[in-house]
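Trainee: give me the fold of what follows.
(2 chains)
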Amino acid sequence: MATGIALKPIASKPPLVIAGLSLLAVLGFFFVGRLTTRFRLQEQALGRRMYEEGLAEQRAGRPDRAIEDLRSALTYDHDQYRYQLSLARALRDTGHTAESETYLLTLWEQSPQDAAVNLALGRLAAREGQLDKTLQYYHNAIYGVWASNPDTNRLNAWFELIEILLRQNARPQAQAELISLSAELPKRADLELRVANLFAQAQDYEHALGAYQRVLQLDRGNVAALTGAGEAAFAVGRYRSADRYLQSAARGNPQDEHAAEMLRTSNLVLEADPFGPRIYGAERSRRLRAAFEAAGERLKACAVSEGIDLTTGHRLPSDVESSDLPSLNGRWVQLKRKVDRLSQASSDETQDEIMSLVFDIEQQTAQQCGPPSGMDQALLILSQNPNGVER
Amino acid sequence: MSESAVGAAGKTLEVQRASNGATAAGGEIRKKRWYSLNPAFREDRFFLVLSVFIGIYSGLAVVCFRLAIEWTRIGLLGPAPKPHDWRLLAAPGLVSLLVALLVIHVFPEVRGSGVNQTKAALYIFNGYIPFRTAVGKFITAALAIGAGQSLGPEDPSLQIGAGLASALGRRMDFSREKLRLLAPIGAAAGLAAAFNAPISAVLFVIEEVIGRWSAGILGSVVLSAISSVVVVRWFLGAQPLFRIPAVTFLRPTELIAYAVLGIAGGVAAVIFAKAIGYLRPRLRALPRWSQYFLPSLAGLCVGLIGYLGAPQVMGAGYQYMDQAMHDQFTWKLLAIFAGLKIVATTLSFVSGTPGGMFAPTLFVGAMLGGAVGGVERLFNPHLTGTTATYALVGMGVLFAGFLRAPMTSVFMVLEVSGNYSIIVPVIVANAIAYVISRSLQPMPIFDVLTRQDGLDLPSMEEQREESILRVEDAMQPAPVPVLGSEEYIEEANQRIQQAAENVFLVRCIPTGWTTITRDLLKRLAGEGKGELSIGSALPPNRLPYLHPDSPLEMALRYVYQTPLVPVVSRADLRRLEGVISSDAVLNKYRMVSRDDEI
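Mentor: Numbers count the residues shown, from 1 in each chain, chains lettered A, B, ... in the order given. Just a heads-up that it's a prediction; the model follows:
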């Protein structure tokens, strides 16, 4: 035989043979164990090197090369959590969503409570517009286990979720998240302000106003909170409060044109409202008359701009379409006599009738001739929320 | 067994000496066989114990083999091979030159994959595989695969396991039959360790190497495979070969899509097999000096493919299969990889470089599967199968079509994926690929290689499909009358007067059969025993009997002991279905061989 292995049978004593084979196996295990350990260490070192290179490529704005390096890192250290997560993120950011999801799901199966993995999966689901999965993974992340800074990370994830929901027009879900978040928010003005702004974005102005007020309790002169509170109060029809907040905001930031405009409008609303608090007798009659006259002027101006003959209702030059404006004009003409005779003793029904016509005219003309300005804008706002103005 | 066959044939005397050495170590040793002295260590039991050790050693060897390949790869090609790296061109070319020198001058029997060599050991060399072959296979395959030759480590692992088992077995005083079986036991251990999949390894060895299910060998094969897998998992972890993403099969109508994959895979398998079958003998017929350069030339071509942009086709390529399953490549890229891998593997293999075909087959299958799935999704975006699902099914398809191991192909996919939900698509696609491959390439690739090497090993596919002759095929009607053992001799004598036969069956009480001749009946009547019953006058011997579904070979054991063998029903042993005689058996075999010739 060409090999060094002799063929002479040695199995004359089976227990000894088995003992010998076992000893050989133990030696083999020891030797291969040493080899494997060395190999593992080398693999880990290579994995680390490739990972670092991948991160460097990522920082240098070469995501495709980063992915290659991260993949190589993973081939050397399959179970390395950091590599998998980084690769999944890189894949997600370069649009390889399916593969990214595969990696993330593998990680998720290994540790479903891991907040970072859930957050990554949540972002992926958000990117794909899957609202249910987005909510599920973000909730897992919010209530999951964070490796560091759990409070900050949890809040950031929560805010991120709400912003995603708002971007996806899921306002009810966003409002629900905001209500939960505000209940658990630490007393910090910046966080309260962020929540208040998000409430405002979600068009939940009641909660937004409350949140802004909490900010102002913590930071009385916070201009952003004052502006926000003014806007929120304005949106819910609390013009007096809006006026107060906006005046303070204007003092703090005179350059804020939007706030200044809103302040002017709220002043107009307060001045135009005939049923405001402590408005009685002659002043109320004056405001009713002023509103009635303004509505009449707006009606005529709108009819002219639209080319409508208020007496016939025909659109000039052709009579193709008709309009409600003439009927409103008819009501206005009928009521004019009553308004001229308006006195302190006029009944509540007459006052309501006048304001009802004013609101109808403002709404109709706004529809037909576009948004008004000045006094008409104030009357239109009042018409939209006739009972909401603070009394 | 090829080149190794030539080498092995050249060493016939040595082999005979070796195999004789184990058995002819002297009548004295035979007489004092330890297992006959100590019943607790009977040969069968010790054989099982040894199977476990074979598994352990094979597992250890395969772990070292995999580490050697990885170290070679990292050292030669770098940790992350990328296109346009000069090492991709230089390493396979130069290292293959060294491999060629080693193969020609030091380890002449290590060429090829190793599967046929193991089969040859079983059928020709009494289980003998030189230990040097195992060592040589380890070194040369690790160098070749590590340097980027497009070959896999599984078949070499199989041969390394078989070589270790053979070497170990020769040191024991086993019978020739046991020695012969050691090679496949080691082969199963080596393959199981390489694949980290014991069931597939056992099935492959049974299906492709041994060719039959036998309780005696099955236990040992399973034990060795399991032990080797335990060892590999101990050192390298329990994770499967691939990280399989979620694979799904939701709608039965999607089977059409997998059937298309089966067709594509069958055709690809035939192209692959035909390319190897055509090129290999032509390259081997080149002058001897060219054999030094062929592996190097093949390595250079494979390196060029890698250098120009597809390093994925170099080496075994497991990580790229994994990436394909994770949707990293577009279907066009997958199709290109599949085509390039067929070219690269054909070149590497036909050049005589040691290395296996399993990994390349899986690679081609995975890439082809992913590509076909991608194309199908273009036409029907509602298909629910992911790239991973198609890649997995594709692996099975190529395995069934190219290696022609249908059972293994199904279980391999299930074992590798750990997901049974895709069993139906796998079976459908594999069956189609197998049928296409068989009709376009009647001889399986392993048989083609065997014939090219001048060996005549049994074809497992032919054996599987060979029709079995049964007793019912040669059975004849029982001669009338059938006598009863309680009948009087005189009465029986009268009953047989009209019959033409000379031998009659006698039904015994309560069960059993015997025969009596006309002459004996006459003689007994003449001796005045006519009033006796037949049973009392005959010796108490009972005839053996057969059933209609028994193999015809079984009849051969009995037909020479008695002129008629009763064929009885399994449900009622007293119910006679017919009889069988030596003439009937021989006639049947003559008829079959005449049909075969026609």
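Trainee: near chain A, which residues of the stretch 201-350 of chain B are found?
Mentor: Within reach of chain A by C-beta under 8 Å from any C-beta of the partner chain, the stretch 201-350 of chain B has these residues: B:234-237, B:239, B:243, B:245-246, B:319, B:323, B:326-328. To be clear about C-beta, it is placed using only N, CA and C from the backbone, and glycine gets the same treatment.
Trainee: at 7 Å instead, please
Mentor: Residues of the stretch 201-350 of chain B lying close to chain A (C-beta under 7 Å from any C-beta of the partner chain) are B:Phe235, B:Gln239, B:Arg243, B:Pro245, B:Gln319, B:Gln323, B:His326, B:Asp327, B:Gln328.
Trainee: cool, and the stretch 351-500 of chain B?
Mentor: Near chain A, when you scan the stretch 351-500 of chain B using C-beta under 7 Å from any C-beta, you find nothing.
Trainee: now do the contacts for B:Gln323.
Mentor: A:Arg71, B:Phe329 (C-beta atoms under 7 Å, 6 or more residues apart in numbering or on different chains).
Trainee: from B:Leu67, how far out is it?
Mentor: 22 Å (C-beta to C-beta, to the nearest Å).
Trainee: and what of A:Lys133?
Mentor: Separation of A:Lys133 from B:Leu67 (C-beta to C-beta) stands at 42 Å.
Trainee: counting by contacts, list what the one helix or strand B:Thr389 maps to packs against.
Mentor: B:Thr389 belongs to helix B:387-398 when elements are defined using DSSP states H and E. If you count contacts as 3 or more C-beta pairs under 7 Å, 6 or more residues apart in numbering or on different chains; DSSP states H and E, helix B:387-398 packs onto helix B:255-284, helix B:318-325, helix B:358-379, helix B:406-417, helix B:423-440.
Trainee: among these, which is the most enclosed?
Mentor: Highest mean neighbour count among the helices and strands packed on helix B:387-398 (mean count of other C-beta atoms under 10 Å in any protein chain shown): helix B:358-379, with a mean of 26.
Trainee: spatially, which two of the residues of the stretch 201-350 of chain B next to chain A are the most separated?
Mentor: B:Phe235 and B:Asp327 (31.0 Å; C-beta to C-beta).
Trainee: how about the strands of the stretch 101-250 of chain A, start to end?
Mentor: Taking DSSP state E, counting those that start in this stretch, the stretch 101-250 of chain A contains no strands at all.
Trainee: and whatever residue of it ends up closest to chain B, how close does it get to B:Pro425?
Mentor: With C-beta to the nearest C-beta as the measure, A:Thr102 is the residue of the stretch 101-250 of chain A nearest to chain B, at 4.2 Å. Distance, A:Thr102 to B:Pro425, by C-beta to C-beta: 20 Å.
Trainee: what does A:Gly237 give?
Mentor: 64 Å.
Trainee: which SSE is B:Phe138 in?
Mentor: helix B:131-146.
Trainee: is any part of that helix close to chain A?
Mentor: Yes. Counting by C-beta under 7 Å from any C-beta, chain A has neighbours in helix B:131-146: B:Phe131, B:Arg132.
Trainee: what's that helix packed up against?
Mentor: helix B:43-77, helix B:86-105, helix B:154-170.
Trainee: okay, buried residues for the helix-or-strand element of chain A with minimal mean pLDDT please.
Mentor: When each helix and strand of chain A is scored by mean pLDDT, DSSP states H and E, helix A:97-110 comes last, with a mean of 79. If you call a residue buried by 16 or more other C-beta atoms under 10 Å in any protein chain shown, then helix A:97-110 has these buried ones: A:Thr97, A:Ala98, A:Glu99, A:Ser100, A:Glu101, A:Thr102, A:Tyr103, A:Leu104, A:Leu105, A:Thr106, A:Leu107, A:Trp108.
Trainee: so the third one sits against B:Ala324, correct?
Mentor: No. Taking C-beta atoms under 7 Å as the contact criterion, A:Glu99 and B:Ala324 are not neighbours in contact, 10.6 Å apart.
Trainee: overlap in contacts of those two?
Mentor: In contact with both A:Glu99 and B:Ala324: no residue, using C-beta under 7 Å, 6+ apart.
Trainee: distance of the closest residue to chain B within the stretch 251-391 of chain A from B:Asn126?
Mentor: Shortest the stretch 251-391 of chain A-to-chain B distance, computed as C-beta to the nearest C-beta: residue-wise this is A:Gln367, at 44.8 Å. Applying C-beta to C-beta, the value for A:Gln367 to B:Asn126 is 102 Å.
Trainee: what separates stretch B:91-106 from the chain centre, distance-wise?
Mentor: Distance of stretch B:91-106 from its chain centroid, counting by C-alpha atoms, centre = their mean, to the nearest Å, is 30 Å.
Trainee: brain fart, stretch B:383-401
Mentor: With C-alpha atoms, centre = their mean, you get 23 Å for stretch B:383-401.
Trainee: now swap in stretch A:348-357 and tell me
Mentor: Worked out by C-alpha atoms, centre = their mean, stretch A:348-357 lies 41 Å from the chain centre.
Trainee: touching that stretch from outside, list them.
Mentor: A:Pro274, A:Leu288, A:Ala291, A:Phe292, A:Ala295, A:Arg331, A:Trp332, A:Leu335, A:Lys338, A:Val339.
Trainee: what's the most distant pair in these?
Mentor: Longest span within these, C-beta to C-beta: A:Pro274 and A:Arg331, 18.2 Å.
Trainee: when the two are compared, which one has more neighbours?
Mentor: The residue with more neighbours, out of A:Pro274 and A:Arg331, is A:Pro274; 20 against 16, by other C-beta atoms under 10 Å in any protein chain shown.
Trainee: quick one: pLDDT of that one?
Mentor: For A:Pro274, the model assigns a pLDDT of 79.
Trainee: next, give phi and psi for the closest residue to it other than its chain neighbours.
Mentor: Nearest residue to A:Pro274, sequence neighbours excluded (C-beta to C-beta, 6 or more residues apart in numbering or on different chains): A:Arg287, at 3.9 Å. Dihedral angles of A:Arg287 (phi, psi; degrees, to the nearest 10) stand at phi -70, psi -40.
Trainee: now the helices for the stretch 251-391 of chain A?
Mentor: Ranges of helices within the stretch 251-391 of chain A are A:257-272, A:281-306, A:325-340, A:348-369, A:374-384, based on DSSP state H, counting those that start in this stretch.
Trainee: so of those helices, which one's packed in deepest?
Mentor: helix A:374-384 (a mean of 21).
Trainee: that one - contacts with which helices or strands?
Mentor: Using 3+ C-beta pairs under 7 Å, 6+ apart: helix A:374-384 touches helix A:257-272, helix A:281-306, helix A:348-369.
Trainee: off-centre distance for that helix?
Mentor: For helix A:374-384, the distance to the chain centre is 29 Å (C-alpha atoms, centre = their mean).
Trainee: ditto for stretch B:302-318
Mentor: The chain centroid and the centroid of stretch B:302-318 are separated by 30 Å under C-alpha atoms, centre = their mean.
Trainee: and the contacts of that stretch?
Mentor: B:73, B:81-84, B:88-89, B:91-93, B:145, B:148-150, B:152-153, B:241, B:320, B:337, B:340-341, B:344, B:347-348, B:359, B:363.
Trainee: got it, and stretch B:411-431?
Mentor: Everything outside stretch B:411-431 that qualifies as a contact, by C-beta under 7 Å, 6+ apart, is B:197, B:199-200, B:203, B:240-242, B:244, B:247-249, B:255, B:258-259, B:261-262, B:265, B:389, B:392-393, B:395-397, B:399-400, B:406, B:409-410.
Trainee: which residues of the chain score low on pLDDT?
Mentor: I'll assume chain A. A:1-13, A:312-323, A:343-346, A:386-391 (pLDDT under 70).
Trainee: wait, chain B
Mentor: Checking chain B against pLDDT under 70 turns up B:1-43, B:213, B:215, B:245-250, B:461-466, B:596-598.
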